[in-house]
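Colleague: Next one to model:
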Amino acid sequence: MTTDDLVIASDNVRCIVSPDVGGRMSSIIAFGRELLITKNGETNLQKWGCYPMAPWAGRVRNGIFMHQTKRHELEINMHPHAIHGTVLDRPWRVIDANSSSVAMKIDLGANWAFAGEATQTISMIGDTIEFRLMLETDDETMPAQVGWHPWFAKPCTLETEFTSMYLRDEFGIPTGEKIVPTAGPHDDCFSGSLNTPKLQFDNKVKLEIQTDCSHWVIYDEPQHAMCVEPQSGPPDGFNIEPLIITPASPLTRFMRLMISEIKK
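Modeller: Residues are numbered from 1 along each chain as shown. Coordinates of the predicted model:
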């Protein structure tokens, strides 16, 4: 924990928010159990905590997309693709903070060709953590996508069910075609959630994830971690399912982590 970190807490859950490290949540200790992969010397900011993704989530194929007939090239940060947006490795500006809530803003950076900013609010409501993201632009139109990337610490188990999974090509990028979900392990995008995803940690803590996001990326291949990522669109969404915002129509989404103790 650094001097710039902020703490929000309830009687049973203590969270560390790190505005200077991509506006992420760095720690969630619930009923004495750490739920997240913490930094612990990890130098890759993509691989720990729970960070917001904007103005896109997941990979953009080769960092290239078209918007209104114009070709745009993004900075490549996971060769040969651009991944997880422009805000996870930059400091956010705190606009309000108290013992139960933090509100932050950030512009979308020099590597993004559109005028825009993201606002994130993280609130503790009892033992529930609520994240809200808003993406705005001053341009006439802007492609937009948001999401969150929580790295949950194993051992944990996931219970969830979806109607569809995106077929990936040999480069690991969704093609846009949907198939019946297959057995894991996964590094895949899903849609059509049939129930609220639930995680259990050591038969001690239960966490349910509510959201108004339409897509989920499940990444459970690592032995030490599981990622359950609500997103407003699929990876490479700028190319296969573009969503456009205007100054009058920003993009807003929420993620709610409902935490409880498993009674024995």
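
Colleague: any idea which residue sits dead centre in the protein?
Modeller: Taking C-alpha atoms, centre = their mean, the centroid of the chain lies closest to Trp148, which sits 1.0 Å from it.

Colleague: Glu161: how many residues sit nearby?
Modeller: By other C-beta atoms under 10 Å, 11 other residues sit near Glu161. C-beta coordinates here come from the backbone N, C-alpha and C atoms, glycine included.

Colleague: Skipping adjacent residues, who's closest to it in space?
Modeller: Leaving aside its sequence neighbours, Glu161 sits nearest to Leu194 (C-beta to C-beta, 6 or more residues apart in numbering; 4.3 Å).

Colleague: Hmm, Phe162 and that neighbour touching each other?
Modeller: Yes: if you go by C-beta atoms under 8 Å, Leu194 and Phe162 touch, sitting 6.5 Å apart.

Colleague: Give me the packing partners of the host helix or strand of Thr163, helices and strands only.
Modeller: Element membership for Thr163, per DSSP states H and E: strand 162-168. Counting contacts by 3 or more C-beta pairs under 8 Å, 6 or more residues apart in numbering; DSSP states H and E, strand 162-168 packs against strand 174-179, strand 187-193.

Colleague: in this structure, which ranges drop under the pLDDT threshold?
Modeller: By pLDDT under 70, the low-scoring segments of the chain are 1-3.

Colleague: Could I get the full set of helices for it?
Modeller: 237-240 (DSSP state H).

Colleague: Contact partners for the closest residue to Leu45 other than its chain neighbours?
Modeller: Using C-beta to C-beta, 6+ apart and skipping the chain neighbours, the partner closest in space to Leu45 is Asp89 (4.7 Å). Contacts here follow C-beta atoms under 8 Å, 6 or more residues apart in numbering; on that basis Asp89 touches 21-22, 45.

Colleague: need the residues you listed in CSV with distance to Ile259 and neighbour count, can you?
Modeller: Below are the contacts of Asp89 laid out as CSV (distance: C-beta to C-beta, whole Å; neighbours: other C-beta atoms under 10 Å):
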residue, distance to Ile259, neighbour count
Val21, 22, 22
Gly22, 22, 23
Leu45, 25, 16
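
Colleague: and which of those residues is nearest to Ala225?
Modeller: Leu45 (14.6 Å; C-beta to C-beta).

Colleague: For the closest residue to Ile64 other than its chain neighbours, grab the count of nearby residues.
Modeller: Leaving aside its chain neighbours, Ile64 sits nearest to Glu73 (5.7 Å; criterion: C-beta to C-beta, 6+ apart). By other C-beta under 10 Å, 13 other residues sit near Glu73.

Colleague: next one: phi and psi at the closest residue to Gly23 other than its chain neighbours?
Modeller: Leaving aside its sequence neighbours, Gly23 sits nearest to Trp92 (C-beta to C-beta, 6+ apart; 3.8 Å). Main-chain torsions, Trp92, degrees, to the nearest 10: phi -100, psi 150.
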